[in-house]
Structures are given as C-alpha cells and as structure tokens.
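J.: sequence-free structure coming up:
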C-alpha cells in the first residue's frame, strides 16, 4: 500500500484554502495525518471547520504565512501569479502543486469514480457519495459543494472507493486516472479557457482516454455533445462504454420520470431488469443524474437494486435547488444554475413543482465572459419564469469587459416576452420580491455568485408579511 499521505504532502500550505475544491483536499489530508496550513481572503464557516480539524488558517495573503518547513504549496487556477505566498514558495524552492494533482494523489490505491460534465457534477458526485455511504461502503469523496454543514464537501472513508468531482473548467480533470468515469453532458462554457466546441471535445476526449484499462465510461445517450463524444471515443482500448438516458439505444434506459412535488420517481431498464426508485430532489435532469450515478456504481461492482434504493438517501446539496424555507405559503429555493442549460432545467423542475403557482426568479449572471457569450440564451431561459429580477454581473475572478452588463440578459428576455426587470439596489431586492409573492408561489434565487445570500433575507421578509 502507498502511504496514506502522498509524497510531499505531509506539511502542505494551501493558498485559498476556503474554496470548495481546496478545502475538501485539505480536510482529507488533515484526516490522514498531514500537518495542513493555508490562507484565505476572509473568515468563513469553512475556515472555522478546518480549524476545528487542527488546520492552521491565516486570513489574508502574506509571504510570512508560508511556514519555512512547508513541503508543498497547493494552488488552484484561481490563484494569480503575483500572490505573495506563491512568490515566497518560489523564493524558498518549495514545490507548487496544482489542486488537481493533489487530489489525484489522494485517489491512489482506491477504485476511483470521477464525475465530469458541463453541468450536474456536484449533484451526481453527491448522489454517489451518499448512496454508497447508505450501503455501508464508506467511500472517500471530494465534492464541489457541501452535503450538510461547512466542510461536508469531503470525507476520508475506510472503504475502497473514492468518488470525485472532475472539473473541466481549467482542464484539471486530465490529472485523474479513474476506474469509472461519468460524462453527463458536453457543452461550450468557461470561455476564458475554451475557444470552441472542438476545444471542449478534445479536452473531454483526453479525460476519457485517462480511464484505466478495464474501466468504464458512463455517458449520456441523450445529450448531443455527449453523443458526439461517445462516437469519438468508441475505439478506446480496454474501456467499456455504457450509455444512459431516454434514447432507445441507451444501455441503461430511462423509461419514466414522474414528478411528485419536490421529489420524483424514475424507472429504468438495466440489464434486462426494470428498477423503480425515488429521487428526493425535483426535476428530470436530477433524475438523469441519479441514473448516471446508478450506472457508475454498478460499473464499480455495487448491486443495482441495492444502490437504486440507497440513492433515495440523497436529499440535496447546498445551492442545488436547496429549500431555504416557506413563509406565507411561498417557498424559497436557492439554485446554483448559471449556464442557460442549467437555468432551463431548474426552471422546468420548479414549474412542475408548483403547477398552480408562479415561479419568481432573482437571477445573478456569473462572469463577464460567460455573460458576453451566453447572455442571450440566459435571457431566453428566463422566459420560463413568471417574473424575474436580474442583478448585476458577479465578476468572481474576472475583470470587467466593456459593454458587457446584465442588460444583455434583460434585453434578450424581453425579446422573448418575459416579465423581467433590472434589479433595484441590492438591499431593496428582498422587499421587492416579498411584496410581489403570493401564497402558492415559489421564489428561486439563481446564480453561482453571492445571490444565495438574498434567499434567507427574502424568506425573512415573507415571514414579516413583506413589511419593513
């Protein structure tokens, strides 16, 4: 057996340790006995949870935060070259390790299931982690979202399976050597790193080519980009391709998805047997995520019927159609959707969940580059809502692009006859929404930025009857 802590990772320093991907790796290393340290821009619940595990976390970035005896510095693609801790690592000859390589090291000597795709990775990875855990298999996992409280995005398990979210945004998923890989869908996104669909396909082909001999690629039979990828990788040596979906030629065929409020029921045909099981989150796309998880678990040797039942233990992950609460007969749900395909899927799911009520959306576009390329499609998606408020673009790591504002989205939405308004002052949004919502309606805060902070404020206004 290889050591529990990968070589050079016994005293790692993480720059940006509070991030979704970084914190999970730091947590697993700490649980394996490494002496972990790091820094983050601000205090957070995740930082506090890491400290509870014995991790040293500095707030702010400064050269003196890097310990002289650090054996490596772990970074993500979001860390800029002028970061003082990165400069200190170079000055002291401390090796710099990308987050994906650190995660790949943790997977050594496990049966690895890596979940990739333009959307749905976090949900599908979480479904697998929870389902396998419910069967007592105690998998290790690293997920891009929290299953419950802060820092529940990762676990160091005693079982032999490691489930990991595989991020294509910066091609970091090329670092992994999975036994089973899932590709949920293939679309153009992350425009700062990919210039065309051909670039995207080549990147996903490279990922598929990293599957270990004797392994399995689980891939959507319905999504056009995934079907194109399947045609490209059919000749991979010693890799089984298993397709899933509603298409008649799917190896794992989805026969029916029935909406039941904020849950659903799915029936599949797998290995000649019909299986019907519950999915405890709403929407056809989440049902398909569950089927992908089922197919991958079966490929890893887990009995199909047992895993199908166990998948019902998954009740959601933070920000993926997360129920914030209900007041005055109005439900408040938070969604991470930020790509047009995700927006459409979540809006259709919410429409099915409240067929008699209205779906009211507070949407925050994420990244200037994405808004520039996909703003028109975002606007078209908002036509599925009964009314929408659109916030300013959340920049994240990007600098502004001249001429790119949320007006690209509101103009496109109006062209599709949508009821859409540009946001008033941010602090006025909760009152505006609460004053509009009526019993039976559903409010959906949507986006990958800090729009999530508005959901509990809207709920509080509803609890107070919309009054100041």
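T.: Nice, thanks for sending it over. It should be emphasised that the depicted structure is a prediction, and the values quoted were computed from it without experimental measurement. Numbering: from 1, shown residues only.

J.: what about the helices in the chain?
T.: Remark: helices assigned in the chain by DSSP state H are 20-31, 45-52, 84-91, 99-107, 121-134, 197-209, 224-233, 284-299, 304-310, 340-353, 368-382, 407-415, 429-436, 454-463.

J.: which one of the ones you listed lies nearest to residue 182?
T.: helix 284-299 (5.1 Å; C-beta to C-beta). Every residue, glycine included, has its C-beta placed from N, CA and C.

J.: for that closest one, give the mean pLDDT please.
T.: Across helix 284-299, pLDDT averages out at 96.

J.: mind listing what the residue nearest to residue 228 when sequence neighbours are not counted touches?
T.: Spatial nearest neighbour of residue 228, chain neighbours left out: residue 201 (6.6 Å); criterion: C-beta to C-beta, 6 or more residues apart in numbering. By C-beta atoms under 8 Å, 6 or more residues apart in numbering, the contact set of residue 201 is 186, 225, 228-229, 232.

J.: any chance of CSV for those, columns distance to residue 213 and pLDDT?
T.: Compiled in CSV, the contacts of residue 201 are given as follows (distance: C-beta to C-beta, whole Å; pLDDT from 0 to 100):
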residue, distance to residue 213, pLDDT
186, 23, 94
225, 26, 94
228, 24, 96
229, 20, 96
232, 19, 94
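
J.: which one, of the helices of the chain, ends up nearest to residue 320?
T.: With respect to residue 320, and counting by C-beta to C-beta, the nearest of these is helix 121-134 at 5.1 Å.

J.: run the angle between the closest one and helix 284-299 for me.
T.: 50 degrees (axes from the mean of the first three to the mean of the last three C-alpha atoms, to 10 degrees).

J.: return the distance of helix 121-134 from the chain's centre.
T.: When distances are taken as C-alpha atoms, centre = their mean, to the nearest Å, helix 121-134 is centred 12 Å away from the chain's centroid.

J.: what's that helix packed up against?
T.: On a contact count with 3 or more C-beta pairs under 8 Å, 6 or more residues apart in numbering; DSSP states H and E, helix 121-134 meets strand 111-116, strand 140-142, strand 161-165, helix 284-299, helix 304-310.

J.: show me this protein divided up by domain.
T.: 12-98, 110-313, 322-463 (automatic domain parsing).

J.: just the mean pLDDT for the last one, thanks.
T.: It refers to domain 322-463. Domain 322-463 comes out at a mean pLDDT of 94.

J.: just the pLDDT for residue 133.
T.: In this model, residue 133 carries a pLDDT of 95.

J.: with residue 468 instead?
T.: We have a pLDDT of 42 for residue 468.

J.: hey, what's residue 183 bridged with?
T.: Here residue 183 shows beta-bridge partners residue 116, residue 219, assigned using DSSP bridges.

J.: contacting residues around it?
T.: Taking C-beta under 8 Å, 6+ apart, one finds 116-117, 204, 207-208, 217-220, 226, 229 in contact with residue 183.

J.: try residue 322
T.: 316, 333-335.

J.: for residue 236, see how far away the residue nearest to residue 238 when sequence neighbours are not counted is.
T.: If the residues on either side of it in the chain are set aside, residue 238 comes closest to residue 213, at 3.8 Å by C-beta to C-beta, 6+ apart. Distance, residue 213 to residue 236, using C-beta to C-beta, to the nearest Å: 10 Å.

J.: then residue 261?
T.: 41 Å.

J.: who has more neighbours out of the two?
T.: residue 236 (16 against 10; other C-beta atoms under 10 Å).

J.: thought that one was touching residue 212?
T.: No: with contacts counted by C-beta atoms under 8 Å, residue 236 stays clear of residue 212, the gap being 11.2 Å.
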